[in-house]
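Engineer: My questions concern the predicted model and sequence given below.
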Amino acid sequence: MQFMLLFSRQGKLRLQKWYVPLSDSQKKKISREVIQMVLARKPKMCSFLEWRDQKIVYKRYASLYFCCAVEDQENELITLEIIHRYVELLDKYFGSVCELDIIFNFEKAYYILDEFILGGEAQETSKKIVLKAIEQADMLQEEAETPRSVLEEIGLT
């Protein structure tokens, strides 16, 4: 996978993850171009596009488009399955995920993506294992944020 973009029906970019090194100006140009191409397509059209020397695979869930660019020889159906698995993970974590969940909890959306995909390849296909890792990270964060007394800090209680 070259990159993943999440954007709204209005074309607002909500999340972007790049797995290839590009400059910021290149990323902006590519994002703009891909978003315009996907939004210009009719709902009944195929979810695969040939673009440059890559394939764009996208799927719309409610008001968000999930879009990935893969190499030309990659299997589009596996990419659709990866997109769907990511949406399922977001759904399980947020409980019926919506665009606002991603806007206000973007760091969690990125963390879930990073637990699932590493370097453009799906690392863990089990939803249970990914969700367990996310729950453990949440528990560590809560422990770190819990205020403790000075005596607890130095181990006297």
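Structural biologist: Thanks, I have the structure now.

Engineer: wait, isn't Tyr61 in contact with Glu88?
Structural biologist: No: the pair Tyr61 / Glu88 is not scored as a contact, 10.2 Å apart, by Cβ atoms under 8 Å. C-betas here are computed from N, CA, C, even on glycine.

Engineer: what sits in contact with each of those two?
Structural biologist: Any residue near both Tyr61 and Glu88 by Cβ atoms under 8 Å, 6 or more residues apart in numbering counts here, and not one turns up.

Engineer: what's the offset of stretch 131-143 from the middle of its chain?
Structural biologist: In terms of Cα atoms, centre = their mean, to the nearest Å, the centre of stretch 131-143 is found 18 Å from the chain centre.

Engineer: what separates the residue nearest in space to the middle of the chain from Gln16, distance-wise?
Structural biologist: Nearest residue to the geometric centre of the chain (Cα atoms, centre = their mean): Leu113, 4.7 Å. Separation of Leu113 from Gln16 (Cβ to Cβ, to the nearest Å): 10 Å.

Engineer: List the residues that are in contact with both of those two.
Structural biologist: Met4.

Engineer: can you map out the strands along this protein?
Structural biologist: Using DSSP state E, the strands of the chain run over 3-8, 13-18, 48-51, 54-61, 64-71, 117-118, 121-122.

Engineer: circling back: please look at the residue nearest to the centre of the chain and Met4 and confirm they touch.
Structural biologist: Yes: assessed by Cβ under 8 Å, Leu113 is found in contact with Met4 at 7.1 Å.

Engineer: ok, back up a step: please tabulate the strands of the chain in a markdown table, including the columns mean pLDDT and mean neighbour count.
Structural biologist: Converted to a markdown table, the strands of the chain look like this (pLDDT from 0 to 100; neighbours: other Cβ atoms under 10 Å):
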| stretch | mean pLDDT | mean neighbour count |
| --- | --- | --- |
| strand 3-8 | 96 | 22 |
| strand 13-18 | 96 | 16 |
| strand 48-51 | 93 | 14 |
| strand 54-61 | 95 | 20 |
| strand 64-71 | 96 | 22 |
| strand 117-118 | 88 | 16 |
| strand 121-122 | 86 | 12 |
